[in-house]
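Participant: only geometry, no sequence info:
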């Protein structure tokens, strides 16, 4: 079992930056691929970014490529999402998720078994 707790959300002006963190419980963090998803009001949850177990491979939605960076520190059992050049359309609740799937598909939400409660990111224009 893995418990995930996100932090770092808040209110920021367009063009600003935030760094989200997701702290995981348990000793097997490095056995899980990790992802970030987001959900804006009235919209479906969408994939943002993901990182492989070792951290060696990263994946991004086209909408955030070049602006967001995902990373992980397995010793600290934490995954990060550095968000730069934020836009109002990035406003959403951001969730981190953990996948233990053997055939992990990074952008596929049902591949992730464990989810955090989410952290709100609001970008003002």
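Facilitator: Everything's here; your move. Every value quoted in this text rests on a predicted model; they were computed, and no experiment measured them.

Participant: and the residue nearest the centre of the chain, what are its bridge partners?
Facilitator: The chain has residue 36 as the residue nearest its centroid, 2.1 Å off, counting by C-alpha atoms, centre = their mean. On the basis of DSSP bridges, residue 36 is bridged to residue 49, residue 96.

Participant: what distance do you get for it to residue 80?
Facilitator: Residue 36 is 9 Å from residue 80, where distance means C-beta to C-beta, to the nearest Å. C-beta coordinates here come from the backbone N, C-alpha and C atoms, glycine included.

Participant: between the two, which contacts overlap?
Facilitator: Counting by C-beta atoms under 8 Å, 6 or more residues apart in numbering, the residues touching both residue 36 and residue 80 are 20, 22, 70.

Participant: pretty sure residue 32 is touching residue 99, no?
Facilitator: Yes: counting by C-beta atoms under 8 Å, residue 32 does reach residue 99; the two are 6.1 Å apart.

Participant: in terms of neighbours, single out the busier of the two.
Facilitator: Higher neighbour count among residue 32 and residue 99: residue 32, with 26 against 22, using other C-beta atoms under 10 Å.

Participant: any idea of the pLDDT on the more buried one?
Facilitator: On pLDDT, residue 32 comes in at 96.

Participant: excluding chain neighbours, what is closest to it?
Facilitator: Distance criterion C-beta to C-beta, 6 or more residues apart in numbering; nearest residue to residue 32, sequence neighbours excluded, is residue 98 at 4.1 Å.

Participant: just residue 30 next, same as before
Facilitator: residue 74 (4.3 Å).

Participant: count of residues packed around that neighbour?
Facilitator: 15.

Participant: mind checking how far it is from residue 109?
Facilitator: Residue 74 is 23 Å from residue 109, by C-beta to C-beta.

Participant: what's the answer for residue 34, then?
Facilitator: Distance of residue 34 to residue 109, computed by C-beta to C-beta: 13 Å.

Participant: so the two - more neighbours on which side?
Facilitator: Each of residue 34 and residue 109 has its neighbours counted (other C-beta under 10 Å); residue 34 has more, 29 against 16.
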